[in-house]
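1. quick one, fold the following:
(6 chains)
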6 protein chains.
Amino acid sequence: MFYHIKELQYEAKPSKPDPLYAKKLQEVLGGQYGEISVMMQYLFQGFNCRADQKYRDLLFDIGTEEIGHVEMLATMIARLLDKAPVKEQEQAYESDPALAAVMGGMNPQHAIVAGLGAMAADSQGYPWNAKYIIASGNLMADFRANLNAESQGRLQVTRLYEMTDDRGVKDMLSFLIARDTYHQNMWIAAIKELEEREGDVVVPTTFPRSLEKQQVSYDLFNFSRGEASKEGRWAHGRSMDGKGEFRYISAPVVFGSAPKLKPAPKELFNTPKKGE
Amino acid sequence: MFYHIKELQYEAKPSKPDPLYAKKLQEVLGGQYGEISVMMQYLFQGFNCRADQKYRDLLFDIGTEEIGHVEMLATMIARLLDKAPVKEQEQAYESDPALAAVMGGMNPQHAIVAGLGAMAADSQGYPWNAKYIIASGNLMADFRANLNAESQGRLQVTRLYEMTDDRGVKDMLSFLIARDTYHQNMWIAAIKELEEREGDVVVPTTFPRSLEKQQVSYDLFNFSRGEASKEGRWAHGRSMDGKGEFRYISAPVVFGSAPKLKPAPKELFNTPKKGE
Amino acid sequence: MFYHIKELQYEAKPSKPDPLYAKKLQEVLGGQYGEISVMMQYLFQGFNCRADQKYRDLLFDIGTEEIGHVEMLATMIARLLDKAPVKEQEQAYESDPALAAVMGGMNPQHAIVAGLGAMAADSQGYPWNAKYIIASGNLMADFRANLNAESQGRLQVTRLYEMTDDRGVKDMLSFLIARDTYHQNMWIAAIKELEEREGDVVVPTTFPRSLEKQQVSYDLFNFSRGEASKEGRWAHGRSMDGKGEFRYISAPVVFGSAPKLKPAPKELFNTPKKGE
Amino acid sequence: MFYHIKELQYEAKPSKPDPLYAKKLQEVLGGQYGEISVMMQYLFQGFNCRADQKYRDLLFDIGTEEIGHVEMLATMIARLLDKAPVKEQEQAYESDPALAAVMGGMNPQHAIVAGLGAMAADSQGYPWNAKYIIASGNLMADFRANLNAESQGRLQVTRLYEMTDDRGVKDMLSFLIARDTYHQNMWIAAIKELEEREGDVVVPTTFPRSLEKQQVSYDLFNFSRGEASKEGRWAHGRSMDGKGEFRYISAPVVFGSAPKLKPAPKELFNTPKKGE
Amino acid sequence: MFYHIKELQYEAKPSKPDPLYAKKLQEVLGGQYGEISVMMQYLFQGFNCRADQKYRDLLFDIGTEEIGHVEMLATMIARLLDKAPVKEQEQAYESDPALAAVMGGMNPQHAIVAGLGAMAADSQGYPWNAKYIIASGNLMADFRANLNAESQGRLQVTRLYEMTDDRGVKDMLSFLIARDTYHQNMWIAAIKELEEREGDVVVPTTFPRSLEKQQVSYDLFNFSRGEASKEGRWAHGRSMDGKGEFRYISAPVVFGSAPKLKPAPKELFNTPKKGE
Amino acid sequence: MFYHIKELQYEAKPSKPDPLYAKKLQEVLGGQYGEISVMMQYLFQGFNCRADQKYRDLLFDIGTEEIGHVEMLATMIARLLDKAPVKEQEQAYESDPALAAVMGGMNPQHAIVAGLGAMAADSQGYPWNAKYIIASGNLMADFRANLNAESQGRLQVTRLYEMTDDRGVKDMLSFLIARDTYHQNMWIAAIKELEEREGDVVVPTTFPRSLEKQQVSYDLFNFSRGEASKEGRWAHGRSMDGKGEFRYISAPVVFGSAPKLKPAPKELFNTPKKGE
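-> Below you'll find the model as predicted:
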């Protein structure tokens, strides 16, 4: 069960309105790697967690914090929209290039649909959807998803940090960036702990290796002419799971044959082969 | 530029048709973490790669291989559908429970839309879409996305491996599982190489740490009552990036204030405050 | 069965082209609460109506009118696009700020995809989809959905009315706004009629109240610290359905326990608990 | 900012697993009118609220409660999936019709993707998306959206109540149904308060009526042959806003003319008129 | 403007309910090539038509007829759902395999969401969306889209015709199939007329051929090893537009070079090249 | 199985960066009729092909070429983004109208999400999805889909050709336009071959005509008042399939009756008829 207090975790006040930036900032609220994504991903991983209590608790700690980040970003966006030019003023439009650009560039839904409020959508107005998240029941897999989300998320926030001169915005983003620093550190630690406990780095660790086609488990197939890819650690030496040797296969061979599919039943009215 | 040969990378022949399983197998063809996702993700990371040639080459090696995996799965699904019961036979339907279940459980679009062919969709018929993929221009972030994709992907394939007794299907899946073993090893190696080269594990490493709100960069905030989450490596000791000490904050404080938003301009017809 | 005449229900002629406004106007054609939504919602409620003939007839009256509103908006948008600058003229672009804003701000698909025609999409180019509509078989529920749609719709049209100075556009919008005035009145009347006939205001009225957990049927739980919400009619006095008394619960209690989920079967390769 | 406690607001324990029902129950978790929708809708209305504090507080009270409902449903679904048959056992499949139906009818993603966890999707596996919600800045409009959501939601939960014999499930649903009873009462009270305060029932009340085409503001146009729709309150008598008289127009006239669109510029390569 | 009469264009009465078939029939109502698609596609092509009046008129003739087809299919689906088993009866479920299959196989939203009504969705419950349609302003292109839609549509309806033994359903489908026969004939005639009038078969005919890279305008590049594709009319002889000769290129050459992308600006925090 | 070489099929170098045009060009990469669509459509038609080998081979020839077109467009877009202004410079923004327009008009995701890379999305940022494609198993139907795709695709590319003055861009587009010229010729040839071989032009040709309601197989129903549509070839003379005579029906009659639906079972809580 959840509780709310009125205070924001961190201040969300821009120095002045900026509807173009409000549009951009939507990316880290409702985009693929925005705060709604991490909030929902951590909460669902928590809801579904069948493993140790400490992971469940951790997921709720972070997932609950992220609801508060959604709140901060929504608040900031609403304030960036405060004085958006929503009434047509033709003369202004023609004499003021910056205003004209704002008229052309802001997200029209911020005015028409949301009445100068934040939306659960990204910087192109594409609505958040639940295919952005994963909760698989396998924590090593999911913590890698989480580390990815925090990596993409921090990357996007730092880019947005560079796209504004507004002190208030930069201040809030510096807080979110710092939290992403912790969250990356945290998931790296949690992944390492799980890898050590399970004694393997290949997800899922509990599937018997004997059941996979082991002769191709450590081979890099050169499918793009040129051998630059040979120069990486992934192409030679002991594999990262310590169970094999990396090999570089310059000219990958075919293991299968050319498929021929059978005709479909007549009642499907597929194109028959000539003469059938 | 790309070339095709008719042979499959690996054989894709089931022992016998099974339209219910064909529906399930769609998940790893056209689902969130299916082969279309990794194919498109690696190709777009390759197309957009502005970093060293060896990464670009690697991405094309693997991305091109994945087109072939899409081909294998599509072929397998078409064959699993070979003798799907598509013509109504009422009496059979009532006397044969297994047939009845097939009639009820198979994906009707496999017959109606695709004429017993594979679709670029998941096991629930939801179409593949490009929000499943990422190509951010930051390889450490993207390789973490790739490691996650191969982890979720291998997990799903192993689950599907357990859901069938068909030798032909299991044989093909054992090949895909082995390739995922390599791909996980490979991305771990590539990530490690980048982390060492860039001297940090926090994406993006080039954003100056001095610009983030450093006092919260290593703190776990206890937002879910109960302190089980304190028991992990993420809550104490040196941080994974070696730049700080993890702290556990039992009672996280508020840094911000309760927001009050300004009224919207009249021409938006929002609800005014009482008396306004 | 349906018939069409060539005349529009109301004139749809702008004073002059305005491709930026065309983009915005798409919201009330193909957006969440645009005319396509009400057209499809009323028609499907009509198709599926199992209740009295007069409701069925009403739904077809309004649903059929809305097809005509879709036609009016599409026509208006096509005309607003009439002279959109679709050919690159670099020098003009640099010297004319208003033109530059248009180039940057118009929906590029209006030219590239639709050849200066309207699209079944919203002001951000997001395509209309059928999850915008509902036809539940319960008319009191659905008429509330309809009242909401007409309320959001009229709100959006009035906002768009303020965003233009074009007399022709304003004239057409004044017609749509008036129709929404009627439609809101109409659904309010219809809802009231149903509430009186069914003797309750809680949907569905036919579910026995004795089967619900009645001790929490009239309680406002204070989950957001601060008690401002206590000051409304919803927190004290007779409930609106006349069957209980509103109560304000300052400190809501927990009715449940902390869940512990069982481990998943091994063949799913979930993370097991430590030591399992 | 938000906090979490481990206890559920209400117990979520089924008497026994039932993966088919788990699939159905997803509708009220992640469907168009599921708990995620109301949670997100109320929270965003709260984040964006520029009106009186008591509305903002109310929205957070209810929105925060709904996060807890999401938690309850997710927990229930995970438990309903507890012993889902995920390993193929061919012989069982043929001799046990109920098992066969389960194999065919359960959502395969519950096993393959989520490892027997709940998903943020509906009963057909369609992912939740943010176009389900609205936060317009106009509370009368939005509270009508809320009343609709609680009406559709309670309707769906009562239907699901009838679709199971499981005591534990019915017990939890009886709690949710009771809360929906309150929420409907609450939104009705809040709407009434706003209507009285603003002195009108037509959203938005602040748009000057003189600007709308008033001669059609109270007319029902008979667009579907047959006059059954004349028999309702909406076709005669004083309008619900008290500002006009309802009229029934048997044979609606045309106000506009047949549109003729101008040719598009040549550089768009549209089909020209013959001879152009 | 549109009018409605209560009679269906053709009878839509099944011999008896069949909820599994209702689910399948949704495909041709709300699927990619269902009746909603052709209805919306023809109407939007009509709304946007800037060419001769006869095309505009034709599009409205057919588009308006299709609204009636949507109505017929929705009515049929509602009736097929008439006696769907929506109340749990555990004992029946275990002893009656056909009923069990229905419970497992029917679309749960038909009961939970739509109260036994049709939905604007396909046979997998995926909602109709406007990306299924096109109205480009170029009629030769769009009529080809229309011919494709009627071809896929008739194919799907004939497949559904084979999947039922119900006389009433088959009767209605035989009407739709016949109309699709006309519509295919019609679009073929209209395309031919346009091709003759414009003197070319390559869309758009008005783009000057001199501006395209004409040396590759008639070449089949053999990108898939093996030369079976050489055996078709497309590989030799006069081209269909009469302006060139088809050629078969066994070993297609490269016209471009290997791309090297420039580094991104630092403020995007992309991965720099080693040593940069 | 597939192979890649580093060289592009054709050069993809713009004369200078242009982030606004990059946004537009996305349409033919990741839009409804972009290169990803034809690539995926041809590959899936190839994977699923149960007809003659020469069709399968042809589909792989073209599908494989299209992967290379995706590569060319992605490369071009990345280069057009090379110097996109991603760092806020307030003063520049106000004094330079062209720059202001770029700031307002470019796709913000190109910077924030993709780090100046191409995305698998259209010119409005809407992600590519698999509902854009079809592979039905009936080649006459699918080749018509292909002809449509190449027609819409070439139309869009020619429009984009007119929207730029950049020589490098125009050069690459002239190549794509020429290839579309071939592909249209090719699909016309292939369709003609199939029509001749199958002896009919109505898809599917193998469904017995005797089973369709033949009295309406050649009739144009005049559903839109006015008879301009009578003036086309489709309204008189021998039908295109040679099996009937076109007829123009001025006043189409009703074949069905007005539907009355039965009440739903009580446990669905639909609105009952008055008095029920």
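2. enumerate the residues of the stretch 51-200 of chain A near chain C.
-> A:51-52, A:55, A:86-88, A:90, A:93-94, A:96-97, A:100-101, A:103-105, A:107-109, A:111-113, A:115, A:124-127, A:136-140, A:194, A:197 (C-beta under 8 Å from any C-beta of the partner chain). Every residue, glycine included, has its C-beta placed from N, CA and C.
3. and those, which of them are buried?
-> Buried subset of those (neighbour count, 16 or more other C-beta atoms under 10 Å in any protein chain shown): A:51-52, A:55, A:86-88, A:93, A:96-97, A:100-101, A:103-105, A:107-109, A:111-113, A:115, A:124-127, A:136-140, A:194.
4. isn't A:Gly232 right up against B:Glu193?
-> Yes: using C-beta atoms under 8 Å, A:Gly232 is in contact with B:Glu193, at 6.3 Å.
5. how about A:Ile249, phi and psi?
-> Note on A:Ile249: its backbone torsions stand at phi -110, psi 100 [degrees, to the nearest 10].
6. circling back to that earlier point, give me the subset of the residues of the stretch 51-200 of chain A next to chain C touching chain D.
-> Under the cut-off given by C-beta under 8 Å from any C-beta, chain D has A:Val113, A:Gly115, A:Pro127, A:Ser136, A:Gly137, A:Asn138 from those close to it.
7. just flag the most distant two among these.
-> A:Gly115 and A:Asn138 (42.8 Å; C-beta to C-beta).
8. residue nearest the centroid of chain A?
-> By C-alpha atoms, centre = their mean, chain A has its centre lying nearest to A:Tyr33, at 3.1 Å.
9. give me phi/psi at the closest residue to chain E within the stretch 51-200 of chain A?
-> The nearest approach of the stretch 51-200 of chain A to chain E comes at A:Glu162, 4.0 Å away (C-beta to the nearest C-beta). Dihedral pair for A:Glu162: phi -80, psi -20, per degrees, to the nearest 10.
10. what sits against it?
-> Each residue near A:Glu162 by C-beta atoms under 8 Å, 6 or more residues apart in numbering or on different chains is listed here: E:Glu267, E:Leu268, F:Val86, F:Lys87, F:Glu88.
11. the closest residue to A:His236 other than its chain neighbours and D:Pro14, how far apart?
-> Spatial nearest neighbour of A:His236, chain neighbours left out: A:Phe246 (5.3 Å); criterion: C-beta to C-beta, 6 or more residues apart in numbering or on different chains. Distance, A:Phe246 to D:Pro14, by C-beta to C-beta, to the nearest Å: 49 Å.
12. same deal with A:Val70?
-> Taken as C-beta to C-beta, the span from A:Val70 to D:Pro14 is 31 Å.
13. where in chain A is pLDDT low?
-> A:89-95, A:97-98, A:101 (pLDDT under 70).
14. any idea how it splits into domains?
-> Residue ranges for the domains of chain A, per automatic domain parsing: A:19-198, A:209-249.
15. thinking A:Phe2 is in contact with D:Gly68, fair?
-> Yes: judged on C-beta under 8 Å, A:Phe2 makes contact with D:Gly68 at a distance of 5.5 Å.
16. quick one on the thing from earlier: now for the residue nearest to A:His236, how many residues are close by?
-> Around A:Phe246 there are 20 other residues, counting by other C-beta atoms under 10 Å in any protein chain shown.
17. pull the contacting residues for it.
-> Contact partners of A:Phe246, counting by C-beta under 8 Å, 6+ apart, are A:Tyr218, A:Asp219, A:Leu220, A:Arg233, A:Trp234, A:Ala235, A:His236, A:Gly237, A:Arg238, A:Ser239, B:Asn185, B:Ala189.
18. and A:Ile249, by the same measure?
-> Taking C-beta under 8 Å, 6+ apart, one finds A:Asp219, A:Leu220, A:Phe221, A:Asn222 in contact with A:Ile249.
19. ok, now A:Met163?
-> A:Tyr21, A:Lys24, F:Val86, F:Lys87, F:Glu88, F:Ala111, F:Ile112.
20. would you map the strands across chain A?
-> Taking DSSP state E as the criterion, chain A contains strands spanning A:2-4, A:219-221, A:247-249.
21. for D:Val203, find the nearest of those strands.
-> strand A:2-4 (27.7 Å).
22. counting contacts, what elements does the closest one pack onto?
-> Here strand A:2-4 touches strand D:2-4, helix D:53-80, going by 3 or more C-beta pairs under 8 Å, 6 or more residues apart in numbering or on different chains; DSSP states H and E.
23. give me the distance from that strand to the chain's centre.
-> Chain-centre distance of strand A:2-4: 26 Å, with C-alpha atoms, centre = their mean, to the nearest Å.
24. pull out the buried positions in it.
-> Quick answer for strand A:2-4 (16+ other C-beta under 10 Å): A:Phe2, A:Tyr3, A:His4.
25. now distance to B:Asp61 too, for those, in a markdown table please.
-> Formatted as a markdown table, the buried residues of strand A:2-4 follow (distance: C-beta to C-beta, whole Å):
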| residue | distance to B:Asp61 |
| --- | --- |
| A:Phe2 | 47 |
| A:Tyr3 | 51 |
| A:His4 | 50 |
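26. with those residues in mind, which one is nearest to D:Phe60?
-> For the buried residues of strand A:2-4, the nearest to D:Phe60 is A:His4 (5.0 Å; C-beta to C-beta).
27. can you tell me how far the residue nearest to A:His236 sits from B:Arg179?
-> Look at A:Phe246 and B:Arg179: by C-beta to C-beta, they are 14 Å apart.
28. and what of A:Ala22?
-> 44 Å.
29. distance check, the spatially closest residue to A:Gly105 that is not a sequence neighbour against F:Pro85.
-> Spatial nearest neighbour of A:Gly105, chain neighbours left out: F:Gly104 (2.3 Å); criterion: C-beta to C-beta, 6+ apart. With distances taken as C-beta to C-beta, F:Gly104 is found 11 Å from F:Pro85.
30. overlap in contacts, these two.
-> Joint contacts of F:Gly104 and F:Pro85 (C-beta under 8 Å, 6+ apart) do not exist.
31. still on that earlier bit, in ChimeraX, select just the buried ones from the contacts of A:Phe246.
-> Selecting only the buried entries of the contacts of A:Phe246 in ChimeraX, with 16+ other C-beta under 10 Å as the criterion:
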select /A:218,219,220,233,234,235,239 /B:185,189
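32. of the contacts of A:Phe246, which belong to helices?
-> Among the contacts of A:Phe246, DSSP state H puts B:Asn185, B:Ala189 in helices.
33. dump the contacts of A:Phe246 to CSV, plus distance to E:Ala228.
-> As requested, the contacts of A:Phe246 are exported to CSV (distance: C-beta to C-beta, whole Å):
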residue, distance to E:Ala228
A:Tyr218, 37
A:Asp219, 32
A:Leu220, 32
A:Arg233, 43
A:Trp234, 38
A:Ala235, 37
A:His236, 41
A:Gly237, 44
A:Arg238, 46
A:Ser239, 41
B:Asn185, 39
B:Ala189, 42
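34. so which of the contacts of A:Phe246 comes closest to A:Val169?
-> B:Ala189 (38.5 Å).
35. isn't the closest one right up against A:His236?
-> No: under the criterion of C-beta under 8 Å, B:Ala189 is not in contact with A:His236, lying 9.9 Å apart.
36. quick one: end-to-end distance for stretch A:3-10.
-> Counting by C-alpha to C-alpha, to the nearest Å, you get 17 Å between the two ends of stretch A:3-10.
37. try stretch A:222-235
-> By C-alpha to C-alpha, the extent of stretch A:222-235 from end to end equals 10 Å.
38. what's the answer for stretch A:248-265, then?
-> Start-to-end, stretch A:248-265 (C-alpha to C-alpha) is 45 Å.
39. flag every residue of chain A that's near chain E.
-> By the rule C-beta under 8 Å from any C-beta, the part of chain A lying against chain E is A:Leu155, A:Thr158, A:Arg159, A:Glu162, A:Glu267, A:Leu268, A:Phe269.
40. quick check, nearest of the residues you listed to F:Asp171?
-> A:Arg159 (32.1 Å).
41. burial of the closest one, as a residue count?
-> A:Arg159: 28 neighbours (other C-beta under 10 Å).
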